[in-house]
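S.K.: 3D, please:
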Amino acid sequence: MTQTDLTARKRATLRAWSSFVESGDAAEPVVRPEILTSWTRSRAEITPDVTEAPLADEGETAAIWKDSPLQLAVERVEADLRRTAQDGDLVLAVTDAETRILWTYGGRVMRRKAETVNFVAGGRWDDRSVGTNALDLANRLGEPAMVFSAEHYASIVHNWVCWAAPVHDPVTGTQLGVIDLSTTWDRTHPIGLATARVMA
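M.R.: Sure, this is the predicted structure:
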């Protein structure tokens, strides 16, 4: 997509979000069913002007990470994950099955943005805590998900695009959490979702 296409898409998405927030109706055809369903769940729990994700207990989060099979998985590919984040100025996150961030790493610009909204270890990114986002959708639906700009229910991340994919235990098939890649909306690229899927 060109910058013109992305800008037009952002405007259409913002119009749909504004309509939903004001009247509960998203008239724009740009809204995908899974986004609308998540907006409805989000609306029942939070306001769209939430300023940050709630944080889980730091000690509890550290203990869960230490005992998680995800910790070993990340450790094996951490250098690649860090390089990807730096090269693409992305912020990467790995969550547990409750969509609580257990590990994150970011390029310089995105790391700062992430910290301001608690996109950090312990941040709770289920849609009932912080609204529609790719981490929650991938975890809830069990498949890769992308959330662009104002498809996020919380306005604090309207300038983001996020791609996430579920991570499964290779032996049991149990869904352990998700891996997410996030950057600014104007850097949206079709390869984002495929990259999240491959990393997962």
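S.K.: so D5 versus P190, what's the distance?
M.R.: With distances defined as Cβ to Cβ, to the nearest Å, the gap from D5 to P190 amounts to 12 Å. All C-beta spots, glycine's among them, are computed from the backbone N, C-alpha and C.
S.K.: also N159?
M.R.: From N159 over to P190 (counting by Cβ to Cβ), the distance is 20 Å.
S.K.: these two: which has the busier surroundings?
M.R.: For N159 and P190, the more surrounded residue by other Cβ atoms under 10 Å is N159, and the numbers stand at 15 against 9.
S.K.: ok, that one - contacts?
M.R.: Residues in contact with N159, defined by Cβ atoms under 8 Å, 6 or more residues apart in numbering, are K113, S149, T184, W185.
S.K.: do you know the pLDDT at it?
M.R.: Note for N159: predicted pLDDT of 97.
S.K.: tally of neighbours for the nearest residue to G142 once chain neighbours are set aside?
M.R.: The shortest distance from G142 to any non-neighbouring residue, by Cβ to Cβ, 6 or more residues apart in numbering, is to P166 (5.4 Å). For P166, the tally of surrounding residues (other Cβ under 10 Å) stands at 23.
S.K.: show me what the helix or strand containing A85 is packed against.
M.R.: If you go by DSSP states H and E, A85 is part of helix 69-88. Using 3 or more Cβ pairs under 8 Å, 6 or more residues apart in numbering; DSSP states H and E as the contact test, the elements touching helix 69-88 are strand 91-95, strand 101-106, strand 175-184, helix 191-199.
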